[in-house]
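> Sequence and predicted structure, then a few things I'm wondering about:
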Amino acid sequence: MILLAGIPSETPLEMVGMALDALGADYRFVNQRHVATAAIDWTSDEKGVAGTLRMGDERIDLATVTGVYMRLMDDRVLPELEGLAPDDPARAHSRAFHDAFFRWSEVSAARVVNRSEPQGSNGSKPYQAQLIARHGLLPPPTLITNDPETVLAFRAEHGTIIYKSISAVRSIVKTLDDEDMARLGRIGWCPVQFQAAIPGTNIRVHVVGDAVFPTWIESTHVDYRYAKRQGGSTELTATTLPEEIAARCVALTADLGLAFAGIDLKLTPGGDYYCFEVNPSPAFSYFEANTGQPIAAAVASYLAADRAGPAAPKVRRAATGKKQKGRI
Amino acid sequence: MVLILCEISDGAALWAAGRLQERGIAVDLVTGAALGAARRWEHRITGTDVHTAITLPDGRVLDSADARPILNRLSYIPTERLRAVSGADFGYAMQELYALYLSWLAGWPARVINRPVPQGLCGNFRHPSEWATLAARAGLPTTPWKQGSDDAPDQAWLPRPAELAVHVCGDAVVAPVALPDALTTGCRRLAALAGCDLLGIDFERDDTGEGWRLTSASPLPDLIRGGDALADALAKVFAS
């Protein structure tokens, strides 16, 4: 039994559900919007983790659950709870159910894509950069400081530099321009992260188990995610990676304790691969829709693999070969 | 010279400072307040190389080039410089500083007890269900964890029975009573599974009244309860 936890109409969850249909796998949605009729009870002791999940009239023995895809939204803002007081019983039940389900997923023997704990590295970009560097992938030269003079020296050393948040909050990349320089003194309040601007082409690599799906990204803007919003455009193309780089991406993902990750690389004109970050909860549908890469199928295959048996089936080492393009 | 990072109210850290000095180990105490009011931060990552230099208000500089070992008792971010920030910006600044402290202490080139992780500045403050599951994997008798959708989540964090406090410090397992070998081995295994050089483990009597079973564990234990034996173990770790 596989559980897809979240809201079934959310695109990544829906796509993985369709891929599980194609595999003929047995799965259920843990639909957050039906939380009023859901219940869970579980225990952990010296014999292991056991319990029961109830959704409507159906009871599921948690020992039979072999895979979980976690796409839970913040349960406090579920539409069904809108307008309810903080101490309303329906809200209290929802919070208690979500906490109990989440805690079970963290210790369950099932394959969980992804558990919460290993996702934590994404909350500190420089911390994650240290883990990235240990796997032979280059992080951009990085400076975090509250001293304007040190920033000026860093800029003189590297030429164009960018700044972005240190944490995962407000994570938008911007080039340090003259307007920013005029207010540089304000960093004295709180250190800011600066990085050497790396020229080249962005590559998003989705890793599922040991399957690798690299996407070539050409954009008019520094941060391709926001190109359209800022009047520009981004073009995605399925591509391939050198075996060594693909292997490092797989090893990095596994060492972070993740089954599924979106890794942001940049290939420089000189042929170097830099790595900016590892996203532990990638919204892959954007990439699959524009390239045809079967990422949802890979996630489904990973979830469907017997936890006691072999690891996820190899879907492919690199590209789809379709070279399908999509302008967004 | 051992750096001790702690809050000024952390009696266990102050106790450890005194006991280490008695054992001939020089100590430099740095409070969270001093870190929070640091005049200058410089944290660089260049390939696999990590360099940090922090200038404190009193002029002391914590420089990774000096590679001094750290007893890390920080559990939250000092906010001295952020008192003028309000609303969403305060939360953002807290996240930014947590991310910075995590990277700084994770990349420090000397021994750090305990290293930070994303779930805690001095180690992972795990949910009781995770301690119960990890303890079972370590072979320790454990108070079963039960949770359901009728239970208030906050109840999980209430203090749990602690009739026996055991400390793991490096290879040493320190307890006020003689422990069975299986329990000693299990405690050592639990610390390894938790990724902690220093771990406090609490036990209560089992149903027979003769054995022990785990009730909780912490990467920020009350060191004073470990007494001289724990001070010796800490000194040994830092002397190595």
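Perfect, thanks for sending it. Residues are numbered from 1 along each chain as shown, chains lettered A, B, ... in the order given.
> Leaving out chain neighbours, which residue sits closest to the residue in chain B that chain A sits nearest to?
Chain B approaches chain A most closely through B:Pro118 (2.7 Å), counting by CB to the nearest CB. Using the backbone N, CA and C atoms, a C-beta is placed for each residue, glycine as well. Excluding the flanking residues, the one nearest B:Pro118 by CB to CB, 6 or more residues apart in numbering or on different chains is A:Gly120, at 2.7 Å.
> what residues are up against that neighbour?
Going by CB atoms under 8 Å, 6 or more residues apart in numbering or on different chains, A:Gly120 touches B:Val117, B:Pro118, B:Gln119.
> And the pLDDT for it?
Listed pLDDT for A:Gly120 reads 92.
> Only C-alpha atoms, please: export the helix or strand bottoming out on mean pLDDT in chain B in PDB.
Every helix and strand in chain B was compared by mean pLDDT, DSSP states H and E; the lowest is helix B:87-106, with a mean of 92. Coordinates of each C-alpha in helix B:87-106 appear next as PDB, following Å, rounded to 0.1, in the frame of the first residue of the first chain:
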ATOM      1  CA  GLY B  87       6.800  41.800  12.400                       C
ATOM      2  CA  ALA B  88       7.700  39.500   9.500                       C
ATOM      3  CA  ASP B  89      11.200  41.000   9.200                       C
ATOM      4  CA  PHE B  90      12.000  39.800  12.700                       C
ATOM      5  CA  GLY B  91      11.000  36.200  11.800                       C
ATOM      6  CA  TYR B  92      13.000  36.500   8.600                       C
ATOM      7  CA  ALA B  93      16.100  37.800  10.400                       C
ATOM      8  CA  MET B  94      15.800  35.000  12.900                       C
ATOM      9  CA  GLN B  95      15.800  32.400  10.100                       C
ATOM     10  CA  GLU B  96      18.800  34.100   8.500                       C
ATOM     11  CA  LEU B  97      20.800  34.100  11.700                       C
ATOM     12  CA  TYR B  98      19.900  30.500  12.400                       C
ATOM     13  CA  ALA B  99      21.100  29.600   9.000                       C
ATOM     14  CA  LEU B 100      24.400  31.500   9.600                       C
ATOM     15  CA  TYR B 101      25.100  30.000  13.000                       C
ATOM     16  CA  LEU B 102      24.400  26.500  11.700                       C
ATOM     17  CA  SER B 103      26.900  27.000   8.900                       C
ATOM     18  CA  TRP B 104      29.500  28.600  11.100                       C
ATOM     19  CA  LEU B 105      29.500  25.800  13.800                       C
ATOM     20  CA  ALA B 106      29.100  23.000  11.200                       C
END
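> just to revisit the earlier point, so what's the backbone phi/psi at the residue of chain B closest to chain A?
phi -60, psi -20 (degrees, to the nearest 10).
> tell me the contacts of the nearest residue to A:Leu84 once chain neighbours are set aside?
Of all residues not flanking A:Leu84 in the chain, A:Arg91 sits nearest, at 4.8 Å (CB to CB, 6+ apart). A:Arg91 makes contacts with A:Arg76, A:Leu81, A:Leu84, A:Ala85, as judged by CB under 8 Å, 6+ apart.
> Can you give me the distance of A:Arg91 to A:Leu152?
51 Å (CB to CB, to the nearest Å).
> The least confident helix or strand of chain B - contacts with which helices or strands?
If you count contacts as 3 or more CB pairs under 8 Å, 6 or more residues apart in numbering or on different chains; DSSP states H and E, helix B:87-106 packs onto helix A:125-134, strand B:40-46, strand B:49-55.
> Show me which residues of the stretch 101-250 of chain A are close to chain B?
A:101, A:103-104, A:106-107, A:117, A:120-121, A:123-127, A:129-130, A:133-134, A:138-139, A:141-147, A:150, A:165-170, A:189-191 (CB under 8 Å from any CB of the partner chain).
> Now with 7 Å, please.
A:103, A:106-107, A:117, A:120-121, A:123-127, A:129-130, A:133-134, A:138-139, A:141-147, A:150, A:165-167, A:169-170, A:189-191 (CB under 7 Å from any CB of the partner chain).
> could you flag which of those residues are buried?
Neighbour counting with 16 or more other CB atoms under 10 Å in any protein chain shown marks A:103, A:106-107, A:120-121, A:123-127, A:129-130, A:133, A:138-139, A:141-147, A:150, A:165-167, A:190-191 as buried within these.
> center of chain A - which residue?
What sits nearest the mean C-alpha location of chain A, by CA atoms, centre = their mean, is A:Ser281, with 2.1 Å.
> how much space is there between it and A:Gly123?
From A:Ser281 to A:Gly123 the distance is 12 Å (CB to CB).
> ditto for A:Gln293
27 Å.
> now do B:Ala53
From B:Ala53 over to A:Gly123 the distance is 24 Å, taken as CB to CB.
> need the contact list for residue 37.
In the absence of a named chain, this looks at chain A. Applying CB atoms under 7 Å, 6 or more residues apart in numbering or on different chains, we find A:Thr37 in contact with A:Met55, A:Gly56.
> that's the other chain; I wanted chain B
B:Pro57, B:Glu80, B:Arg81 are the contacts of B:Ala37 under CB under 7 Å, 6+ apart.
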